[in-house]
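In: Take this sequence and fold it.
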Amino acid sequence: MRATLIYGVGDVRVEQVPDPVLKQPTDALVRVTTACICGSDLHPYRSKSPADGPARIGHEFIGVVEDTGSDVTTVRTGDLVVAPFAYSDGTCGFCREGLHTSCLHGGFWATGDVDGGQGEAVRVPLADGTLVKLPVGADSALIPSLLTLSDVFGTGHHAAVNGGVTPRTTVTVIGDGAVGLLAVLSAKRLGAERIILMGRHKTRTDLGREFGATDVVAERGEEGIAQVRDLTGGQGTHVVLEAVGHLPAYEQAVGVVRAGGVISRVGVPQYEQAPIGFASLFGGNITLTGGPAPARAYLDELLPDVLDGKIEPGKVFDRTVDLDGVPDGYRAMDRREALKVLVKL
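Out: Presented below is the predicted three-dimensional model:
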């Protein structure tokens, strides 16, 4: 079969790889029908060393079950399924607490001998705990929105839930990428009435307004912080959802959070050291939270709203390619010519 491999900085190729096979009785084989490129895929795209050798990539996909191991009971051949960006058993203590990304037996796609999602087929470990059957056809118009349940919508929702967003909280979202925009949608869905989106790309911030942002601040750094402070009577907002992952975005979050507020980070941090002392967090009783979203934990809650058409998170996809077009998709997202690229197989 054919799949995407990353060789180094800016070097993504679609090549022949061995066909996946069932290895464990808890496995399923899924033929991928729709995948996508994530903003987090751009981190290795911009930094991977060629010395580490080529590696599979991709962690968001929908597909049709082609075969199952003898212990799999919740999905069967022919089912259309969505996979969250981490596989998990659904039974360990962490999974029962809703923290599937810390599953004792789980892991992430495209690591070790586990397939990546940007290919024609995937061996899914722990299929019962991982896959969710979708009650639509592979050609449904809902597929783009359903695919966001694999990662970006669940991640935006995780940011808002961890931040404690309610109708009583004011919210700042930092970042106008797909996760940031879906953090806006999530905050709106949880009832927030004042949502300030910090982003500078008009087509993206326009979508952010459609999703529920009440204000847009295009400036960055101290100027952006001052504008958010001006909009909030000098206090900042109760909750800040940081969806970028770079240190300046974190520093911006510290600058706009209200005393007693919460900074919820879901942008994959590209730094190990950041201000947490008296002047930044401690003195203002600021809570810092966040982490990789347990997307599987949120699927059952978010799926009905997508199926009912109450929300359309799939609007974040603004370009579609086939598998051969994946390298162009990476280039387009890297150059910010595309917000998020859908891959149709």
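
In: list the contacts for Thr287?
Out: Counting by Cβ atoms under 8 Å, 6 or more residues apart in numbering, Thr287 makes contact with Gly261, Val262, Ile263. To be clear about C-beta, it is placed using only N, CA and C from the backbone, and glycine gets the same treatment.

In: Show the contacting residues for Val228.
Out: Thr172, Ile196, Met198, Val217, Gly236, Thr237, Gly255, Val256.

In: so it is in which element?
Out: Val228 is located in helix 221-231, with elements delineated by DSSP states H and E.

In: any idea which helix or strand comes after that helix?
Out: Next element after helix 221-231 (DSSP H and E): strand 237-242.

In: Next, the angle from that next one to helix 221-231.
Out: 150 degrees (axes from the mean of the first three to the mean of the last three Cα atoms, to 10 degrees).

In: Could you identify the helix or strand that succeeds strand 237-242?
Out: Per DSSP H and E, the first helix or strand lying C-terminal to strand 237-242 is helix 247-256.

In: Report all helices and strands that that following helix contacts.
Out: Counting contacts by 3 or more Cβ pairs under 8 Å, 6 or more residues apart in numbering; DSSP states H and E, helix 247-256 is packed against strand 170-174, strand 194-198, helix 221-231, strand 237-242, strand 257-265.

In: The last one pairs with which strands, parallel or anti?
Out: Here strand 257-265 has these sheet partners by DSSP bridges: strand 237-242 (parallel), strand 287-290 (parallel).

In: The last one: which residues count as buried?
Out: For strand 287-290, the buried set under the neighbour-count rule, 16 or more other Cβ atoms under 10 Å, comprises Thr287, Leu288, Gly290.

In: Quick check: mean pLDDT of it?
Out: If you average the pLDDT over strand 287-290, you get 98.

In: starting at the chain centroid, how far to the helix or strand that comes right after it?
Out: Next along the chain after strand 287-290, taking DSSP H and E as the criterion, comes helix 295-307. How far helix 295-307 lies from its chain's middle: 14 Å, per Cα atoms, centre = their mean, to the nearest Å.

In: Show me which residues of helix 295-307 are buried.
Out: Quick answer for helix 295-307 (16+ other Cβ under 10 Å): Ala295, Arg296, Ala297, Tyr298, Leu299, Leu302, Leu303, Val306.

In: show me what contacts His105?
Out: By Cβ under 8 Å, 6+ apart, the contact list for His105 reads Ser88, Asp89, Cys92, Leu126.

In: Name the member of those residues with the most neighbours.
Out: Ser88 (26 neighbours; other Cβ atoms under 10 Å).

In: about what we covered before: between the strands paired with strand 257-265, which one is closest to Gly117.
Out: Judged by Cβ to Cβ, the one of the strands paired with strand 257-265 that comes nearest to Gly117 is strand 287-290, at 23.2 Å.

In: For that closest one, list the C-alpha coordinates in CSV.
Out: This file holds the C-alpha atoms of strand 287-290, laid out as CSV (Å, rounded to 0.1, in the frame of the first residue of the first chain):
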residue,chain,number,x,y,z
THR,A,287,-4.1,28.4,37.4
LEU,A,288,-2.1,26.8,34.6
THR,A,289,-3.6,23.7,33.0
GLY,A,290,-3.9,21.8,29.7
